[in-house]
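K.L.:
Just the structure for this:
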Amino acid sequence: MGAPEALDDGLADAQQALDALLAGSPPSAPIFVLGHDQGAMLGLRLLQTRFRADPALARRLVVAYLAGLRTAPDDVAPFPVCASPDATGCVAAWARAAGGPPLAARIVVRERSPRSASTR
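P.N.:
Down below sits the predicted model:
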């Protein structure tokens, strides 16, 4: 199994987990999306597929923390990039650049540039 197939399988698992969460929680219960590296990629794909397509589900999003993932605002739209530590309904994604500061110190969700688009 190659990387794309493994990611598709992981997405199917993540979607099943989300379905189980939704089935077992009140319709207004808040939802956090958290992932690191491959989990962040899966979290992004859940936002792009399930949350974008379902306004009621989107309203339940408290925050999505996508650690170890370089992305751009267009990738997470319609959700805004978190602008402050207490922001909600938004996405924070970050990764460590080689020789850069620790992971939590650098938010890398930013405007897409030719270089960032090719190095994600």
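K.L.:
Ser25 falls within a helix, correct?
P.N.:
No. Using DSSP: H, G, I helix; E, B strand; the rest coil, the assignment for Ser25 is coil, not a helix.
K.L.:
Mind listing the residues bridging to Trp94?
P.N.:
Beta-bridge pairing for Trp94 (DSSP bridges): Ala67, Ile107.
K.L.:
didn't it look like it was pressed against Ala67?
P.N.:
Yes. Trp94 is within contact range of Ala67, at 6.2 Å (criterion: CB atoms under 8 Å). Quick note: C-beta positions are derived from backbone N, CA and C, even for glycine.
K.L.:
Tell me which helix or strand the residue nearest the centre of the chain sits in.
P.N.:
Centroid check for the chain by CA atoms, centre = their mean gives Leu44 as the closest residue, at 3.5 Å. Leu44 belongs to helix 38-46 when assigned by DSSP states H and E.
K.L.:
and that helix, which residues are buried?
P.N.:
Within helix 38-46, the residues scored as buried using 16 or more other CB atoms under 10 Å are Gly39, Ala40, Met41, Leu42, Gly43, Leu44, Arg45, Leu46.
K.L.:
From the residues you listed, pick the one nearest Ile31.
P.N.:
Leu46 (9.9 Å; CB to CB).
K.L.:
Please tell me I have it right and the closest one contacts Ile31.
P.N.:
No. With contacts counted by CB under 8 Å, Leu46 stays clear of Ile31, the gap being 9.9 Å.
K.L.:
Looks like Gly35 contacts Ala67 (just checking).
P.N.:
Yes. Gly35 is within contact range of Ala67, at 7.1 Å (criterion: CB under 8 Å).
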